[in-house]
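J.: need coordinates for the below:
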Amino acid sequence: MSASLIFLLFALGALAIIPAVHAQTGSEVTVASQDTNGNTITSYYMVLYDSSGDVLATGFTPATFSTTSGVTYSIQADSYGSCTFSSWSNGATSDPMTFTATSGTTSFTAIYSCTGSSSGASEVAVNSQASNGTSISGFYTVLYDSSGDVLGTGFTPTTFSTTSGGTYSIQADGYDACTFNSWSDGITNNPRIFTATSNITTFTAIYYCGGSSSGTGGTSQLTVNSVTINGTSMPGFYAELLDSSGDVLATGSTPVAFTVNNGETYSVEVQSYGSYYFQYWQGTGSVTSPVPVTTSTSTTLTAVMCDGPPGTCPDPTPVNGITVYAHRISASYWAPCFALACSAGTGPGATMYFVLEDSSGNVLQTGFANEAGYTFTGLAQGTTYYVYAENCDLCHGSTHDVLFQYWVQGNSTADPIAATVGTSLDAWFSCTNGCSGG
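T.: Have a look, this model is predicted:
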């Protein structure tokens with residue numbers, strides 16, 4: 001046999017055995033997750049590594065990764081929240097777990113031990129409502145997982161599938177003239193984070209819709225700030241926006257901005273906290289909280305807070321008006337203050353009448369004040385005004401008179417007293433004509 005023939009036969013023999021060798025082919029691995037009770041849970045982070053420990057892919061359950069048949073990989077299941085990885089459905093407890101890919105699909109299920117909640121299928125329902133309480137629909141809503149990935153979308157009213165114990169966030173978008181303001185429980189975050197329960201979790205998005213009610217149309221921002229009696233910013237006080245019926249529409253911590261319908265009447269309250277008490281609304285002359293407010297453009301309200309009850313704080317200096325305060329000259333025969341409370345004790349809740357006039361004697365404004373004060377606003381810088389502290393004859397239906405005695409400023413007995421914008425005035429009164437000892 002010639003050498004060339006031997007070579008040819010050898011070559012043919014070599015070629016003949018090639019089809020017997022299995023070449024590497026494409027495949028995939030799928031990874032699911034469930035709790036120890038057999039309930040399917042989702043959105044758990046998975047990592048696929050190659051044999052050298054390099055990351056090839058990541059995903060959230062249920063996840064699918066491309067692999068190559070016959071190649072060795074490892075898969076890792078991360079824990080999250082109250083759920084801790086326990087084992088794989090094949091009994092392996094190593095994490096990551098090493099495996100060799102086969103042709104077709106290889107499937108694994110990560111088993112988690114979940115505490116603090118009963119894991120399992122659940123739902124979240126989202127509704128929408130106008131600020132006047134009317135149900136509205138068709139608003140775009142998005143459900144996110146804990147990593148911010150979109151799990152589902154829909155238009156209100158809509159329902160999404162969730163997993164009990166899982167952390168999600170829900171977002172309600174505005175549309176056209178309707179602007180999202182808050183959720184029905186007062187939360188203003190959008191999207192808002194929540195933990196799914198074993199039952200149906202229901203949220204209602206509240207919208208302000210310009211021109212949808214009795215308002216003049218459109219919306220604006222109502223901003224609520226808080227400052228100390230000296231004008232220094234002091235954030236963090238709990239604020240509520242209420243409708244005309246006194247129902248809470250939205251809440252937040254100062255400074256907070258609420259979206260309101262123009263032309264509608266609302267009220268705003270800033271609550272006292274710790275040793276700090278609400279005193280008055282800066283520049284408005286109002287000592288009432290909640291205070292009524294109707295907007296046509298963006299508006300800012302500033303609550304003045306004091307380290308102590310009304311009557312205990314130093315007089316503020318208004319930036320755009322003249323503020324007057326009424327005080328009682330101490331005597332054994334009447335309460336220590338006009339206000340309900342002061343540093344000396346408890347008062348009767350009375351007020352005294354003040355008049356603001358121009359230099360020609362024309363009455364410009366009037367108001368009632370006690371130790372909490374009253375501010376005349378809308379005044380011109382550089383103009384001299386005159387403030388009267390009025391006497392109260394047979395005051396409040398009694399047989400005695402409450403009479404003005406002097407202003408603290410300059411220890412002046414002049415009535416009226418001249419004042420300009422930025423001035424605070426303290427009037428002191430005595431009780432005569434029937435008061436014991438008077």
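
J.: gap between the closest residue to residue 273 other than its chain neighbours and residue 228?
T.: Nearest in space to residue 273, with sequence neighbours left out and distances taken as CB to CB, 6 or more residues apart in numbering, is residue 237 at 5.8 Å. Any C-beta I mention is one placed from the backbone N, CA and C, and that applies to glycine too. Distance, residue 237 to residue 228, using CB to CB, to the nearest Å: 11 Å.

J.: the two: which is more packed in?
T.: residue 237 (22 against 16; other CB atoms under 10 Å).

J.: quick one: contacts for the more buried one?
T.: 226, 253, 254, 270, 271, 272, 273, 276, 303, 305 (CB atoms under 8 Å, 6 or more residues apart in numbering).

J.: the host helix or strand of the first one packs against which elements?
T.: Of the helices and strands defined by DSSP states H and E, residue 226 is found in strand 219-228. For strand 219-228, the packing partners by 3 or more CB pairs under 8 Å, 6 or more residues apart in numbering; DSSP states H and E come out as strand 238-242, strand 256-261, strand 265-270, strand 299-307.

J.: deepest-packed of the ones you listed, please.
T.: strand 256-261 (a mean of 24; mean count of other CB atoms under 10 Å).

J.: what angle do that one and strand 299-307 make?
T.: 140 degrees (axes from the mean of the first three to the mean of the last three CA atoms, to 10 degrees).

J.: for strand 256-261, packing partners?
T.: strand 178-183, strand 200-209, strand 219-228, strand 238-242, strand 248-253.

J.: and residue 389, which of those is closest to it?
T.: strand 219-228 (26.9 Å; CB to CB).

J.: and the closest one, how far from the chain's centre?
T.: Computed by CA atoms, centre = their mean, to the nearest Å, the chain-centroid distance of strand 219-228 equals 14 Å.

J.: how far away is the residue nearest to residue 273 from residue 268?
T.: Residue 237 is 12 Å from residue 268, by CB to CB.

J.: can you report how many residues lie near residue 273?
T.: The tally of other residues near residue 273 (other CB under 10 Å) stands at 14.

J.: one step back: contact partners of the strand holding residue 226?
T.: Outside strand 219-228, the residues within contact range by CB under 8 Å, 6+ apart are 177, 179, 208, 210, 233-237, 239, 241, 252, 254-262, 266, 268, 270, 282, 293, 295-307.

J.: tell me the contacts of the residue lying closest to residue 282 once chain neighbours are set aside?
T.: Using CB to CB, 6+ apart and skipping the chain neighbours, the partner closest in space to residue 282 is residue 302 (4.1 Å). Residues in contact with residue 302, defined by CB under 8 Å, 6+ apart, are 224, 225, 226, 227, 281, 282, 283.

J.: could you count how many residues lie near the third one?
T.: Using other CB under 10 Å, the number of residues around residue 226 comes to 25.

J.: and residue 197, by the same measure?
T.: 15.

J.: quick one: it and residue 123 touch, right?
T.: No: in this structure, residue 197 is not within contact of residue 123 by CB atoms under 8 Å, at 9.6 Å.

J.: per-residue pLDDT, residue 357?
T.: Model confidence at residue 357, given as pLDDT, is 94.

J.: who is the residue lying closest to it once chain neighbours are set aside paired with across the strands?
T.: In space, and not counting its chain neighbours, residue 357 is closest to residue 386: 4.7 Å by CB to CB, 6+ apart. Here residue 386 sits in beta bridges with residue 357, residue 418, going by DSSP bridges.

J.: so what's residue 386 up against?
T.: 356, 357, 358, 359, 361, 416, 417, 418, 419.

J.: what do you get for residue 275?
T.: Counting by CB under 8 Å, 6+ apart, residue 275 has contacts 307, 308.

J.: which pLDDT value goes with it?
T.: Residue 275 is given a pLDDT of 79.

J.: distance of it relative to residue 36?
T.: For residue 275, the distance to residue 36 - CB to CB - is 50 Å.

J.: cool, residue 412 as well?
T.: From residue 412 over to residue 36 (counting by CB to CB), the distance is 82 Å.

J.: can you check residue 400 too?
T.: 80 Å.

J.: so for those two, which residue has more residues nearby?
T.: Per other CB under 10 Å, whichever of residue 400 and residue 36 has more neighbours is residue 400, with 19 against 13.
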